[in-house]
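Peer 1: would you be able to build a 3D model of this:
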Amino acid sequence: MPETQKIGVMFVCLGNICRSPMAEAVFSHLVSKAGLEDRFEIQSAGIGSWHVGERPHPGTIKVLKQHQISVNPNKRAQQIKSNLFNQFDYVVAMDQSNQQDLKAFGQAFLLLDAVPSINTRDVPDPYYEKNFEVVFDLVLKGCTHLLERVIREKALDNG
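Peer 2: Predicted coordinates:
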């Protein structure tokens, strides 16, 4: 892989204001801590268009702040479309419903599929339940294992 080519990672949830921007921020934080920020293009998007243009949910921003993780101040919700989908090496769905919706565009995998020995495949939507801390814990586990997977698959630890 040429040094200038970035590894694209796209996180997708239903509306792109809760789970996927949280995963985008957490994964970006982990990538930065690993000193690999120049090797990645990290974004998030939603299946639906309801929240396009909106900032991340206040609950998402609050839980990220509590864990000293910053949110891109320019982050606005966007809807996934085929031209955007095709720009990314890894398209990561937050739940099985999102994954099913993405099949129209191509192959996506679940964030929690990267986590061994976990009892759930879905990151629950905190929009109504307000369980942002539970969601954060799952996202952190998923993103940690995803980064390990990408490092291994792209041989980033070798150079």
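
Peer 1: correct me, but Ala114 touches His145?
Peer 2: Yes - the criterion here is Cβ atoms under 8 Å, and Ala114 meets it with His145 at 3.9 Å. Placement of C-beta: from N, CA and C, glycine included.

Peer 1: higher neighbour count, these two?
Peer 2: Neighbour count, other Cβ atoms under 10 Å: between Ala114 and His145, Ala114 has more, with 20 against 17.

Peer 1: which pLDDT does the model give the more buried one?
Peer 2: At Ala114, the model reports a pLDDT of 87.

Peer 1: please apply the same query to Met94.
Peer 2: 98.

Peer 1: show me what secondary structure element comes after the least confident helix or strand in the chain by mean pLDDT.
Peer 2: Sorting the helices and strands of the chain by mean pLDDT, DSSP states H and E puts helix 82-85 at the bottom, at a mean of 92. Once the chain leaves helix 82-85, the next helix or strand it forms, by DSSP states H and E, is strand 90-93.

Peer 1: which element follows that next one toward the C-terminus?
Peer 2: Sequence-wise, the next helix or strand downstream of strand 90-93 (DSSP H and E) is helix 96-102.

Peer 1: elements contacting the host helix or strand of Tyr128?
Peer 2: Using DSSP H and E, Tyr128 maps to helix 126-129. Judged by 3 or more Cβ pairs under 8 Å, 6 or more residues apart in numbering; DSSP states H and E, helix 126-129 is in contact with helix 132-153.

Peer 1: who's in contact with the helix it packs on?
Peer 2: The contact list for helix 132-153 (Cβ atoms under 8 Å, 6 or more residues apart in numbering) reads 7, 9, 18-19, 22-23, 26-27, 30-31, 34, 36, 59-60, 62-64, 67, 90, 92, 111-112, 114-116, 118, 120, 123-124, 126, 156-157.
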